[in-house]
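Peer 1: I'd like to go over a predicted model; first the sequence, then the structure.
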Amino acid sequence: MNLQYFDYKYSFPLESGENLAGFRLAYTTYGTLNEQSRVVWICHALTGNADVGDWWGGMVGPGKYFDSGADSPEQNFIVCANVIGSCYGSTGPLSVNPATGEPFYHDFPAVTIRDMVAALDLLRQELGIESIHTCIGGSVGGEQAVEWAILQPDLIQHLIVIAASAVASPWCIAFNEAQRMAIEADPTWRNKSDDAGVAGMKAARAMAMISYRNYDTYGFTQALDNNEQTNDFKAAGYQRYQGEKLAERFNAFTYWVLSKVMDSHNVGRNRGSIPNALGRIKARTLVVGIRSDLLFPPTEQQFLARHISDAAYEEIDSLYGHDGFLIEFRPLAGIIRKWMASRATEQATKTEPASSNR
Ligand SMILES: CC(=O)SCCNC(=O)CCNC(=O)[C@H](O)C(C)(C)COP(=O)(O)OP(=O)(O)OC[C@H]1O[C@@H](n2cnc3c(N)ncnc32)[C@H](O)[C@@H]1OP(=O)(O)O
Ligand SMILES: N[C@@H](CCO)C(=O)O
């Protein structure tokens, strides 16, 4: 992974009214940036990182839809940055608070999707990117992409939003609160140490998996071994394993902060209404829903598409529910390819000189 760092050394105001005395963003780029480049900005989801070629390997890489190879016709320059508040190289709760010389831990300020996007935009300026050909993200990544398209309507030409919403639903907030209650119930949570609340976070991740997947996912992947079984069910082992797996790469402080980021997402805040906010978007937009998504059900993506002026809506099937955006590469790439081709044809038709009937 070609991880690079952007250090912003000035005071960075947050939506909450608090400030960060500067921040760091870890990011990766693929391809070369020049006048011919097509800039593709990929926004990661809740526990993702800047290494998009790893977690979205079916979409990004040689021969994939987002190919940055010198021989590929698109000449993509792909950027993915770890968001503020996260723990993959960017400033977050485990970073040192310059005011105390100690990690922030519980004192990391509340951040929002808009704060994340403001930081991403400073990185964009640092890279000298004036226009983004495609800004794409799933889940919390899709929320960043939508906010960016609202905040800077002339920046993004093509916006692709997968399994995301305009506003956090009460259902989503309830899932997140239950997870935070699990973290709070961990007696180590008030400790000032990197591993505080880790047992609570494992339980939180197990809860979250139920919202990321669904009844059919578990039925298919964790079926009962036999009719005699009364204990040691596969599904139980899976839940515990997913908690352990996250604990190896994440911490409870970051999990807490990012779950609050999810809750506060509302494009309508201070903008009159949600439709008003979405009405500002000028990017040609593709919104993709996943039929089996329990957490961000397709009605939420249909709402986005209805209120964004130049938007198309598509749906995919997936056994994996919400997490389908991380897994269903083939249908996703197919939908995007088809939509991009139709938009290119439309553009070409619009820019062709009017045909003469003389
Ligand atoms: C930095 C980042 O990771 S970005 C954040 C998000 N990234 C991702 O979610 C990656 C996307 N990929 C995936 O979700 C998966 O790899 C899939 C969906 C492609 C495969 O589906 P699944 O096999 O159901 O994957 P899932 O991740 O749910 O579980 C697989 C793991 O659970 C384990 N597992 C499965 N069933 C059980 C069980 N009954 N008991 C214990 N462990 C189990 C598997 O051995 C496997 O372990 P491994 O990850 O160490 O190899
Ligand atoms: N599996 C995803 C779900 C949230 O979109 C993640 O952990 O980021």
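Peer 2: Cool, got the structure. Ligands and ions are numbered 1, 2, ... in the order given.
Peer 1: Could I get the contacting residues of residue 333?
Peer 2: Applying Cβ atoms under 8 Å, 6 or more residues apart in numbering to residue 333 gives the contacts 58-59, 64-65. Every residue, glycine included, has its C-beta placed from N, CA and C.
Peer 1: Among those, list the two that are farthest apart in space.
Peer 2: For these, the farthest-apart pair by Cβ to Cβ is 58 and 65; their separation is 8.6 Å.
Peer 1: what about those two, which has more around it?
Peer 2: A count of neighbours by other Cβ atoms under 10 Å puts residue 65 above the other of residue 58 and residue 65, at 21 against 15.
Peer 1: got the contact list for the more buried one?
Peer 2: By Cβ under 8 Å, 6+ apart, residue 65 lies in contact with 59, 332-333, 336-337.
Peer 1: same question, residue 185
Peer 2: Taking Cβ under 8 Å, 6+ apart as the test, what residue 185 contacts is 200, 203.
Peer 1: Can you tell me how far it is from ligand 1?
Peer 2: Distance, residue 185 to ligand 1, using Cβ to the nearest ligand atom, to the nearest Å: 23 Å.
Peer 1: Residue 211 now?
Peer 2: Distance, residue 211 to ligand 1, by Cβ to the nearest ligand atom: 13 Å.
Peer 1: what residues are up against that residue?
Peer 2: Neighbours of residue 211 in contact, by Cβ under 8 Å, 6+ apart: 172, 175, 294-295, 321-322.
Peer 1: Among those, which one has the most neighbours?
Peer 2: When the contacts of residue 211 are compared by neighbour count (other Cβ under 10 Å), residue 321 ends up highest, at 27 neighbours.
Peer 1: residues from the stretch 151-300 of the chain in reach of ligand 1?
Peer 2: Residues of the stretch 151-300 of the chain lying near ligand 1 by Cβ under 6 Å from any ligand atom: 221-222, 234, 237-238, 241, 245.
Peer 1: From the residues you listed, list the buried ones, please.
Peer 2: 222, 238 (16 or more other Cβ atoms under 10 Å).
Peer 1: Now secondary structure and pLDDT too, for the residues of the stretch 151-300 of the chain next to ligand 1, in TSV please.
Peer 2: Below are these laid out as TSV (DSSP: H, G, I helix; E, B strand; the rest coil; pLDDT from 0 to 100):
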residue	secondary structure	pLDDT
221	helix	98
222	coil	98
234	helix	98
237	helix	98
238	helix	98
241	helix	98
245	helix	98
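Peer 1: quick one, what contacts the closest residue to ligand 2 within the stretch 101-250 of the chain?
Peer 2: Closest approach between the stretch 101-250 of the chain and ligand 2, counting by Cβ to the nearest ligand atom: residue 139, at 3.2 Å. Listed by Cβ under 8 Å, 6+ apart, the contact set of residue 139 reads 45-46, 162-164, 296, 322, 325.
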